[in-house]
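Participant: Just need the structure, nothing else, for what follows:
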Amino acid sequence: MLTDSHTHLNAEQFNEDREEVIQRALAAGVTRIVNVGFNRETIPSSIALAEQYDFIYSTVGWHPVDAKDMEPGDLEWIEELCKHEKVVAIGEIGLDYYWDTSPKDVQDRVFREQIRLARKLGMPIVIHNRDAHQDILQVLKEEKAAEVGGIMHCFSGSWETAKQCLDMNFHISFGGPVTFKNAKQPKEVLAQVPLDRLLIETDAPYLTPHPFRGKRNETSYVRLVAETAAEIRGMTLEEIAEITTNNAIRLLGLS
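Facilitator: Sure thing, here's the model as predicted:
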């Protein structure tokens, strides 16, 4: 009963064996998959994947790395797509100060526009945060994101940052990095997140968990994240799987 709350199965890295990857996920006990569309190319293919499989859902949003490419009309396009029965959140959206491909002011504008859209539609948001903790928190507060809440995807911040996100109605999601042997801070945060706000993910094909680090990630590996979470929390794999799946169902309206 595992749920991968954030993956990219429509990525080109899966073009040769996508069906086999999906079947391996099912064999590993994954019952629900949230696939993320984040720009003009990946949004349509993510929705198409969700239409093809009843256990796959989609998000739609504009990634901060691609913010400079967002054109007039794209926000309206996203709004229209949010009416689709398999679209469950707006994202991934946020700020990325690592890759530096879009100017910070453009990222900020695109981020705020999408939070406002989410509030208008009453939909949760999925947050991408890379080296931008304080600015992310500031924007979320100023734009009243707590009204809709959502997911802090692949959380990498401190417990102090996590507490502020929790106060704003967000769930905290952990991916492959929490399995790394030197991942002290993510493990410490996971140990303290309230169980009703905990999610797990892969972000496949990226951020592959131990012991496959350095290779292509895939959705079946969410089981490895769940095993690490169970170990940290002193629970069984089955308990963590059920808790995180029920959290995803409740937050995103999955069936």
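Participant: show me the contacts for the nearest residue to residue 26 once chain neighbours are set aside.
Facilitator: Closest residue to residue 26 apart from its sequence neighbours, by C-beta to C-beta, 6 or more residues apart in numbering: residue 55 at 7.9 Å. Placement of C-beta: from N, CA and C, glycine included. Residue 55 is in contact with 26, 31, 32, 33, counting by C-beta atoms under 8 Å, 6 or more residues apart in numbering.
Participant: Any chance of the backbone angles for residue 55?
Facilitator: With angles defined as degrees, to the nearest 10, residue 55 sits at phi -100, psi 0.
Participant: gap between it and residue 22?
Facilitator: Taking C-beta to C-beta, to the nearest Å as the measure, residue 55 falls 9 Å from residue 22.
Participant: Likewise for residue 59?
Facilitator: Residue 59 is 18 Å from residue 22, where distance means C-beta to C-beta.
Participant: ok, and what's touching stretch 98-106?
Facilitator: Contacts of stretch 98-106 (C-beta under 8 Å, 6+ apart): 64, 65, 66, 67, 68, 95, 96, 97, 110, 130, 131.
Participant: now the strands for the stretch 101-250 of the chain?
Facilitator: 125-130, 150-152, 170-174, 198-200 (DSSP state E, counting those that start in this stretch).
Participant: returning to that earlier point: give me the common contacts of residue 55 and residue 22.
Facilitator: With C-beta under 8 Å, 6+ apart as the test, residue 55 and residue 22 both reach residue 33.
Participant: Backbone torsions only: list them for the nearest residue to residue 30 once chain neighbours are set aside.
Facilitator: Among residues not flanking residue 30 along the chain, residue 2 sits closest, at 4.6 Å (C-beta to C-beta, 6+ apart). Per-residue torsions, residue 2: phi -80, psi 150 (degrees, to the nearest 10).
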